[in-house]
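Student: Fold the following and give me the result.
(chains A, B, C and D)
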Protein chains: 2
Amino acid sequence: MNRKSRHNTEGKLSAKRPYHHGDLRRALLDAGRELLEEKGADGFSLRACALRAGVSHAAPAHHFKDMKALFTALATEAFDLFGQALADARDESLTPKQQIVTSFRAYLGFARAHPAWFKLMFDSARLEWHDEVLKEAGAKAYEQLSLLSKPFIDSSGKPAPLIEMLVWSLPHGVAHLELAGQIGCDYAPISDQWLEDYLKLTAELLDRL
Amino acid sequence: MNRKSRHNTEGKLSAKRPYHHGDLRRALLDAGRELLEEKGADGFSLRACALRAGVSHAAPAHHFKDMKALFTALATEAFDLFGQALADARDESLTPKQQIVTSFRAYLGFARAHPAWFKLMFDSARLEWHDEVLKEAGAKAYEQLSLLSKPFIDSSGKPAPLIEMLVWSLPHGVAHLELAGQIGCDYAPISDQWLEDYLKLTAELLDRL
DNA sequence: AAGGAAAACTTGACAGTGACAAGATAAAAT
DNA sequence: ATTTTATCTTGTCACTGTCAAGTTTTCCTT
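Tutor: Alright, predicted model coming up:
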């Protein structure tokens, strides 16, 4: 996995990378992430991605059979980081209500910090959901939501899926609506203060379950 | 606006449509709607749309300057029908709580009945939100949500935007998650009974505001 | 009714796309 | 050292959106 080839000390490509990239898969994912943020999923191009990674237009095919496969790999990384962000937001010393505020803030924070990734994670048409790795990353992130919901499931005695969807919808609804441009621009403006009020309100509601 | 040209009684195109379509804009919107449902927004093609409408590949340009413009027009129609669906769900004889159940059912019903339209409505990258007609259609639909929220704004004394976003998030979150394939397939299965339970739960929550 | 302007639709072209095939090169395995 | 395999390249294909230029119809003015 050395980045420089030991052969080809002065190859025909003057002062350029060796024929073999070393870790093209990684480079493509990095380039893809950048392009996704810059151009969005529309406007994304495999060829531009290959160019940015410094390889020819057909090189990606050896690491991702499809554009869908590349997107799937990108979404997998996104779910990993998303799940990690939610896990980091957990604090056993908090009350369930306080935990909601903290976790929802992390949920919305991730969506704002990585809008392209967030959109991709829920863009079913571009992803290969049969992929086991993606499924696992998604399930792991969902686990955090499940953990977050548990106190309210126990106290209310209602079915877990019901409460989990409620807990999921509350941050996801605003997150998606904001990224869709439905919040902030027109209709109602959104401020940091507004967001905090929303978090507090949702926590209160769940606490009254 | 007559559909058949009065001239060209036996034109060179044997038994075919006249040179002028009559209402190509309408035909393109209809064909576009079908294609959107069949192929999704990815996989959609202007040329395929033109072909289905029975015109040449460059004909759409005279009615929609862009692909974005066509999508914008389609989304406008979608918002119109969406707003109408929400308006139809209104019933002055219902209590605010009952009205929530009814309207949320309509919200989710629309998303399920017209998934392609619903996705397009919130696909900001594909739409031209500077378009006044689209903005107006969106605002009109939002008005229904505003109307639905009013009783809870009054009774709780909380800021309107806050409650409106809460009321919006509750059905929108599930709707989007379901269309994103996050509900139903993996994780928690979703049934009609589940949906009704969810509606009832959200209505109770809002009633306790 | 006639003729000129405008609108609606056509064909043709261009650069860019994802995907595939076949060849070149480097690394790994034997 | 030789063969096999993985990696990357060039070349090509059908298809895309958009623009330009030409053709056909309708509309507007007189």
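
Student: count of neighbours near A:Asp91?
Tutor: Per other Cβ atoms under 10 Å in any protein chain shown, the neighbour tally for A:Asp91 reads 10. All C-beta spots, glycine's among them, are computed from the backbone N, C-alpha and C.

Student: State the three-state secondary structure for it.
Tutor: coil (DSSP: H, G, I helix; E, B strand; the rest coil).

Student: which residues touch it?
Tutor: A:Gln99, A:Thr102 (Cβ atoms under 8 Å, 6 or more residues apart in numbering or on different chains).

Student: Show the backbone phi and psi for it.
Tutor: phi -150, psi 110 (degrees, to the nearest 10).

Student: how close does it sit to DNA strand C?
Tutor: 42 Å (Cβ to the nearest atom of the strand, to the nearest Å).

Student: Next: A:Leu162.
Tutor: Computed as Cβ to the nearest atom of the strand, the A:Leu162 to DNA strand C distance reads 39 Å.

Student: Tell me the confidence at that residue?
Tutor: For A:Leu162, the pLDDT comes out at 94.

Student: which non-adjacent residue is nearest it?
Tutor: B:Asp197 (5.7 Å; Cβ to Cβ, 6 or more residues apart in numbering or on different chains).

Student: ok, now A:Phe104?
Tutor: Excluding its sequence neighbours, the residue lying closest to A:Phe104 (Cβ to Cβ, 6+ apart) is A:Pro171, at 4.4 Å.

Student: How about the contacts made by that neighbour?
Tutor: By Cβ under 8 Å, 6+ apart, the contact set of A:Pro171 is A:Ser103, A:Phe104, A:Tyr107, A:Leu108, A:Thr202, B:Gly173.

Student: In the helix or strand where it lies, which residues are buried?
Tutor: For A:Pro171, the host element (DSSP states H and E) is helix A:160-179. Using 16 or more other Cβ atoms under 10 Å in any protein chain shown as the test for burial, helix A:160-179 gives A:161-179.

Student: one step back: what's the separation between the residue nearest to A:Phe104 and B:Leu145?
Tutor: For A:Pro171, the distance to B:Leu145 equals 18 Å [Cβ to Cβ, to the nearest Å].

Student: Taking the centroid of chain A, which residue is nearest it?
Tutor: Nearest to the centroid of the C-alpha atoms of chain A, with distances taken as Cα atoms, centre = their mean, sits A:Ala78, at 3.2 Å.

Student: That one and A:Ala113, how far apart?
Tutor: Per Cβ to Cβ, A:Ala78 is found 11 Å from A:Ala113.

Student: Domain boundaries for chain A, per the record?
Tutor: A:1-63, A:66-207 (automatic domain parsing).

Student: Give me whichever of the ones you listed is most buried.
Tutor: domain A:66-207 (a mean of 18; mean count of other Cβ atoms under 10 Å in any protein chain shown).

Student: That domain and DNA strand D in contact?
Tutor: No. With Cβ under 7 Å from any atom of the strand as the criterion, DNA strand D is not reached by domain A:66-207; the gap is at least 13.5 Å.

Student: Endpoints of that domain, how far apart?
Tutor: For domain A:66-207, the first-to-last residue distance is 46 Å (Cα to Cα, to the nearest Å).

Student: Off-centre distance for it?
Tutor: Centroid separation for domain A:66-207 versus its chain: 10 Å, with Cα atoms, centre = their mean, to the nearest Å.

Student: Quick check: which ranges of chain A have low pLDDT?
Tutor: Along chain A, the model assigns pLDDT under 70 to residues A:1-20, A:185-189.

Student: Touching, A:Leu108 and A:Leu195? I think so.
Tutor: Yes. A:Leu108 lies in contact with A:Leu195 (Cβ atoms under 8 Å); the separation is 6.6 Å.

Student: which ones are touching the closest residue to A:Gln99 other than its chain neighbours?
Tutor: Closest residue to A:Gln99 apart from its sequence neighbours, by Cβ to Cβ, 6+ apart: A:Leu148 at 6.4 Å. Neighbouring residues of A:Leu148 by Cβ under 8 Å, 6+ apart: A:Leu86, A:Arg90, A:Gln99, A:Ile100, A:Ser103, A:Val167.

Student: just A:Lys97 next, same as before
Tutor: Contact partners of A:Lys97, counting by Cβ under 8 Å, 6+ apart, are A:Ala203, A:Glu204, A:Leu206, A:Asp207.

Student: let's see 7 Å
Tutor: A:Ala203, A:Asp207 (Cβ atoms under 7 Å, 6 or more residues apart in numbering or on different chains).

Student: Without its sequence neighbours, what residue ends up closest to A:Ala58?
Tutor: A:Ala50 (7.7 Å).

Student: Just say helix, strand or coil for the one you found.
Tutor: From three-state DSSP, the assignment for A:Ala50 is helix.

Student: Would you check that it makes contact with A:Ala59?
Tutor: Yes. Using Cβ atoms under 7 Å, A:Ala50 is in contact with A:Ala59, at 5.4 Å.

Student: for chain A, longest helix please?
Tutor: In chain A, taking DSSP state H as the definition, the longest helix is helix A:132-156.

Student: I'd like to check the angle between that helix and helix A:160-179, please.
Tutor: On the basis of axes from the mean of the first three to the mean of the last three Cα atoms, to 10 degrees, helix A:132-156 is oriented at 120 degrees to helix A:160-179.

Student: Spell out which parts of chain A neighbour chain B.
Tutor: Neighbours of chain B within chain A, by Cβ under 7 Å from any Cβ of the partner chain: A:40, A:42, A:122, A:124-126, A:129, A:135, A:142, A:161-162, A:164-166, A:168-170, A:172-174, A:176-177, A:180-183, A:186-188, A:194, A:197-198, A:201, A:205, A:208.
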